[in-house]
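S.K.: take a look and give me a structure for this.
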Amino acid sequence: MLPLAGDLFKHSALAVMLLAVLLAYFKGRHAVSADGRSLAWTQVPLIAFLTVSIGPSAVATLIYLGYQSGLLQAAPSGYRFSTFIFQLPLDFALMNWGFVALYVTCRLSPNSGSARSAMWLSATLMSFLNVPLFFLAPEMVSNVFDAGQGIGVIQAMLSIPLWFGPYPSFLEPDSGIGLLVFAPLAPIPFLGLIGWLGGRFMGWMTGSPEGKAVRS
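M.R.: Numbers count the residues shown, from 1 in each chain. I've put the predicted structure just below:
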């Protein structure tokens, strides 16, 4: 379970994220590309968000079915269809709120400079940080006593803000206010922000007169 969020905060945050997705979808469905190209690329962050949130549990389910059918050899400790498979998609979705922010930004401002290239770089970097989550799938169906310890460690590493202080006591990372203030400094959204800014900068350099001069 995500160490930084209680159930009330978790479900409230997920409700806000879902509302943001719906509003961005309906607000941007009539948008038109300035160059006449398809705006299907604005959906990429949402597809990535669903993939990294549900994907590890989907892999765990396939592993479980492989054990059940005998196609895969289970460890001597055995296996089980644990609650991790149902619970972790919510935790992983909360960790990956940066994809929702990226989707909303691209959906509402698809013609803003180099938004397309910035989106690809940002989504790629955030997706890269999610790769370890897929390797947690065997642990989700493991029957060992301490199954889930590795999951908790990975979640903490991807959830705790990169800046640890000094700060006032009411901004402790495990408090509601502290989590909101420092959420953009968690590894996944922070790297996504770096990718977005980097993509916009590269687009500015290649599109500006100075950038064209440098290329020539």
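S.K.: from here on, contacts and neighbour counts on C-alpha atoms
M.R.: Fine.
S.K.: right, and the helix or strand after the top helix by length along the chain?
M.R.: Longest helix of the chain, by residue count under DSSP state H: helix 44-69. Using DSSP states H and E, the helix or strand that follows helix 44-69 in sequence is helix 84-95.
S.K.: convert that next one to CSV, retaining C-alpha atoms only.
M.R.: Output in CSV follows, covering the C-alpha atoms of helix 84-95 (Å, rounded to 0.1, in the frame of the first residue of the first chain):
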residue,chain,number,x,y,z
PHE,A,84,-2.4,-7.0,-4.2
ILE,A,85,-3.8,-7.6,-7.6
PHE,A,86,-7.0,-5.6,-6.8
GLN,A,87,-5.5,-2.9,-4.6
LEU,A,88,-2.3,-1.9,-6.3
PRO,A,89,-3.8,-0.5,-9.5
LEU,A,90,-5.3,2.2,-7.3
ASP,A,91,-2.0,2.9,-5.6
PHE,A,92,-0.1,2.9,-8.9
ALA,A,93,-2.7,5.3,-10.4
LEU,A,94,-2.2,7.7,-7.6
MET,A,95,1.6,7.5,-8.0
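S.K.: contacts for whichever helix or strand comes after that helix next, please.
M.R.: Later in the chain than helix 84-95, the nearest helix or strand by DSSP H and E is helix 97-108. Residues from elsewhere that reach helix 97-108 (Cα atoms under 8 Å, 6 or more residues apart in numbering): 17, 20-21, 24-25, 27-28, 42-46, 48-49, 115-116, 119, 123, 126, 188-189, 192.
S.K.: now helix 97-108: how far from the chain's centre is it?
M.R.: 11 Å (Cα atoms, centre = their mean, to the nearest Å).
S.K.: buried members of the contacts of helix 97-108 into ChimeraX, please.
M.R.: Burial among those is assessed by 16 or more other Cα atoms under 10 Å; the matching ChimeraX selection reads:
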select :17,21,24,25,28,42,44,45,46,48,49,115,116,119,123,126,188,189,192
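S.K.: the helix or strand that contains Trp196 to helix 84-95, inter-axis angle?
M.R.: Element membership of Trp196, judged by DSSP H and E, is helix 187-207. Relative orientation of helix 187-207 versus helix 84-95 (axes from the mean of the first three to the mean of the last three Cα atoms, to 10 degrees): 50 degrees.
S.K.: which of the residues in helix 187-207 are buried?
M.R.: So, applying 16+ other Cα under 10 Å, buried residues of helix 187-207: 187-200, 202-206.
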